[in-house]
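In: Give me coordinates for this.
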Amino acid sequence: MRLQKPHLAVLGLTFLFSAIPGLAYAQDGYEDQGVLEEVIVTARKRAENLQEVPDAITVFGQDQIESAGIRNFKGFADLTPNLSFQEGFQASTPRITIRGLITPQVGDAPVAYVVDGITAATIDFISQDIFAIERIEVLKGPQGALYGKGAVGGAINITTRSPGDDFEGEFMGSVGNGDSKRATAYVSGPIIGDSLYFTLGGTYTDFGGLIKNDHLNKEVDFDETSSIQGLLRYDVTDDVTLDFRARYTDTTAGMAIYDLFAPVENLDQSYDKNLPNSNILGLNARNILDLSFKLDWNTQHGDVVFVAGYGDVDDNAFADLDFTHDPTFIDEENYIYFFAQAQEVLIETEVYTSEIRFTSDSDGRFNWQVGAYYQYRERNAVFNLWDDWDGVNERDRASFGPVPIDEFLGINDDPYYETEYVGSTVDKNISDSWAVFGQMNYDISESFELSFALRYDKDKRESSDWRDESTLIKNTYSEPQPKIQLSYDINGDMMAYVSASKGFRSGGFNESRQNIIREWDKEVSQNIEFGMKTTLLEHTMTLNAAVFFTDTDDTQFTRFNEYEFTLENLNIDETSANGFEVEMLYKPTSNLRLNASYGYVDSKVDAFTEMDLSPPVDDITGNKIPGVFRSNLNLGAEYYMSVSDNMQLRFRLDYLRNGPIWWDLENEIKTGTTDFVDARISLVAEKWILTLFGQNLTDERMPTDAFVQDSYAGTYGRQANRPRYYGLEVRYAF
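Out: You can find the predicted model right below:
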């Protein structure tokens, strides 16, 4: 393992604070004067006190989810050190980074995303809104030993609310600028007392948009989403419970909201003047279906849990490919200087998942669990390309006509340009994977605990263009993923730990296409971490920190291949990400909570072997990993003030400072530090809450994605973040 020296400031600050990762808000923390309540997590797939788990965990309970207005992954990522979520080309291609590990847009995310025990098969399931959530746990560092392939940088463990013996429900409605409207409702309770329970809920969002296409004079960041989800829980006996869950989401949204700029120094300038100006309005239509079944069986020797899930995604996207309204330019000698083009991406994904595990009773000094996992995923993708012979006037998908289909050959190409249609790339991608895992915790003494976990994942993958049998390619990626932890309970309120772990992300295949590397290799990360967990000032403060050293082999990244106008996944031989995290929560009084967190990561390329690429990539050894914020600072305060016996005012203010961040391998495109301020003012009564909210109040602008559009012309593309957003929200609970 290639350990490198961290900056002295990293170690100095870490041990100065003598703290731990894992801050959490108590769900009802305002009842007792300045006392933070115990928080129970299931990060290690058993219920444990957060402060006794030797892992870097940030937890959001139901109270904080509601008070901070967390609605999606980005909502809690902004409040978590060394975690970020940035929008990409479309909803299924966001940039998620954690501790310097990135999301290749063609491959898998660097985190396992688990909802009620079901691991999301693709990033599509991650980029949905969340509601009716009881708890969000963010585990940082490789978590492959328990969460398997894909948890190369961490894991997100989400628990939804469970129905009880009483009928209860909630309605939330909001309006905001950008012609924004949102409604959320759910109801839960018993169907048959003491045995059969239900939850039924849904959301609807209609957002008109805040970013305008200057050429079409239309908003391009619009979003209309409806979602419905339900749960049936059957308590067969006192020891056996069955859960059936379902969710369906339908989305129509804008996409490919890019504008072009030059020179590169103009990356962070002229957001209000240099607007998107393509002649095609990007449109993304996506349907997602989630079904799951869960069995909990409490035996005299331990707990048996079996989960099975099915997921289906239909994702249709159509957008401009040149991101301009310029026409095709051909000179007198028929030399093509510029092609105006359009693109269509059609993706269908089906996935089956199951897992079984047995967890021993947790009363003794020795606790353990064993389990097995299986997943089958099939992804069919079609990329259609057109020349836009007009290139200037507004066009939609229908104006380009149908894709030509041959009864025997399938989708045809048009090499003679008799129509605007150019051709198609087709890819059928299959992943057939299984794993076995086990974990044990042993209390060596009253103060020392040793924990060891091991998981072995094996993933068989194949890819082919069904029009050409010669394009079939197969490979199997496997890796043992161990994790060992030693923790020391210093005095009951302070615990120190050290851990070493490994994470693994499968390799895979790019589409069969000229000038595209066909296969990328598996990615393996190794992490060593030191941390402490401390509760101070008579349980009114937690002050937490960790320092980590992560080395990764064959880091996966995605670049825009300007020769082929498509995304291409590649590997970097060796990278490192060393850094630290500090988090503080302080509740000096029953009506005031203060929180602060800071994350720093130095992520860079340690070794890179130049490949025969088109276009070529120069030696990037020593460069920063693209898409990673070097640091992020969050400061927050929440204050309650009584206005009557049954009514309070709640003030919440959050400040977020990010940066700098590099966007490309050559480190040519860079954004400096950015500052964001969010605020919420709520009038809180017994059953209802009226909230005035504002996000990005200072109207800070930055790219959420940037790339080299044409290296010869010296032009670049960027997608901007959402401008200032504000509105009014009402919540009623019964």
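In: Going by C-alpha atoms from here, please, whenever you check contacts or count neighbours.
Out: OK.
In: Against Asp268, how distant is Arg701?
Out: The spacing between Arg701 and Asp268, counted by C-alpha to C-alpha, to the nearest Å, is 8 Å.
In: Correction: the previous question concerned Ala713.
Out: For Ala713, the distance to Asp268 - C-alpha to C-alpha - is 19 Å.
In: Between these two, which is the more surrounded one?
Out: Using other C-alpha atoms under 10 Å, the more surrounded residue of Ala713 and Asp268 is Asp268, with 16 against 10.
In: which SS class is the more buried one?
Out: With DSSP: H, G, I helix; E, B strand; the rest coil as the basis, the three-state label of Asp268 is coil.
In: For Thr237, which non-adjacent residue is closest in space?
Out: Using C-alpha to C-alpha, 6 or more residues apart in numbering and skipping residues adjacent in sequence, the residue nearest Thr237 is Ser195, 7.9 Å away.
In: pretty sure that neighbour contacts Tyr234?
Out: Yes - taking contacts as C-alpha atoms under 8 Å, Ser195 lies within contact range of Tyr234: 5.5 Å.
In: Compare neighbour counts for the two and give me the winner.
Out: Tyr234 (20 against 15).
In: how about the nearest residue to that one, chain neighbours excluded?
Out: Tyr234 sits nearest to Leu196 (C-alpha to C-alpha, 6+ apart), 4.6 Å away.
In: surely the one you found meets Leu232?
Out: Yes - with contact defined as C-alpha under 8 Å, Leu196 counts as touching Leu232 (7.2 Å).
In: The helix or strand that contains Val305 pairs with which strands, parallel or anti?
Out: Take DSSP states H and E as the rule and Val305 turns out to sit in strand 302-320. Paired strands of strand 302-320, with direction, are strand 283-298 (antiparallel), strand 341-360 (antiparallel) (DSSP bridges).
In: And the average pLDDT for that strand is what?
Out: Averaged across strand 302-320, the pLDDT comes to 95.
In: Remind me what the next helix or strand after that strand packs against, helices and strands.
Out: Following strand 302-320 in sequence order, the next helix or strand is strand 329-330 (DSSP H and E). Under the contact definition 3 or more C-alpha pairs under 8 Å, 6 or more residues apart in numbering; DSSP states H and E, strand 329-330 sits against strand 336-338.
In: mind listing what the residue nearest to Thr237 touches?
Out: Counting by C-alpha atoms under 8 Å, 6 or more residues apart in numbering, Ser195 makes contact with Arg233, Tyr234, Asp235, Val236, Thr237.
In: Any idea how far the strand holding Val305 is from the middle of the chain?
Out: In terms of C-alpha atoms, centre = their mean, to the nearest Å, the centre of strand 302-320 is set 15 Å apart from its chain centre.
In: which parts of it are buried?
Out: 303-320 (16 or more other C-alpha atoms under 10 Å).
In: what's the answer for stretch 526-540, then?
Out: For stretch 526-540, by 16+ other C-alpha under 10 Å, it's Gln526, Asn527, Ile528, Glu529, Phe530, Gly531, Met532, Lys533, Thr534, Thr535, His539, Thr540.
In: Repeat that for stretch 494-513.
Out: 494-512.
In: ditto for stretch 607-619
Out: Ala607, Phe608.
In: Span of it from start to end?
Out: End-to-end distance for stretch 607-619, by C-alpha to C-alpha: 9 Å.
In: can you start the count at 15 instead of 1 from here on
Out: From this message on, residue numbering opens at 15, which makes the last subject stretch 621-633.
In: what's around the residue nearest to Tyr248, how many residues?
Out: Leu210: 20 neighbours (other C-alpha under 10 Å).
In: May I have the phi/psi pair for it?
Out: phi -120, psi 130 (degrees, to the nearest 10).
In: quick one: contacts for it?
Out: So Leu210 contacts Pro204, Leu246, Arg247, Tyr248, Asp249 (C-alpha under 8 Å, 6+ apart).
In: same question, Ile137
Out: Ile137 neighbours (C-alpha under 8 Å, 6+ apart): Ser106, Thr107, Asp122, Ala123.
In: Compare these and tell me which is most surrounded.
Out: Within these, most neighbours by other C-alpha under 10 Å means Ala123, with 28 neighbours.
In: out of everything not next to it in sequence, what's closest to that one?
Out: Thr117 (4.8 Å).
In: I'd like the secondary structure assignment at the one you found, please.
Out: Applying three-state DSSP: Thr117 is coil.
In: That one: how many residues sit nearby?
Out: 22.
In: Touching, it and Ser106? I think so.
Out: No - in this structure, Thr117 is not within contact of Ser106 by C-alpha under 8 Å, at 11.3 Å.
In: residues contacting Glu463?
Out: With C-alpha under 8 Å, 6+ apart, Glu463 has these contacts: Asn455, Tyr456, Asp457, Leu500, Ser501, Tyr502.
In: Specify the local secondary structure of the fifth one.
Out: State at Ser501, reduced to three classes by three-state DSSP: strand.
In: Pull up the gap between it and Gly158, please.
Out: Taken as C-alpha to C-alpha, the span from Ser501 to Gly158 is 20 Å.
In: The two: which has the busier surroundings?
Out: Taking neighbours as other C-alpha under 10 Å, Ser501 and Gly158 compare with Gly158 leading, 33 against 23.
In: Does the more buried one touch Val166 like I think?
Out: Yes - under the criterion of C-alpha under 8 Å, Gly158 makes contact with Val166 at 6.3 Å.
In: tell me, what's touching the two both at once?
Out: Lys516, Gly517, Phe518.
In: Look up how far Asp565 lies from the first one.
Out: Distance, Lys516 to Asp565, by C-alpha to C-alpha: 10 Å.
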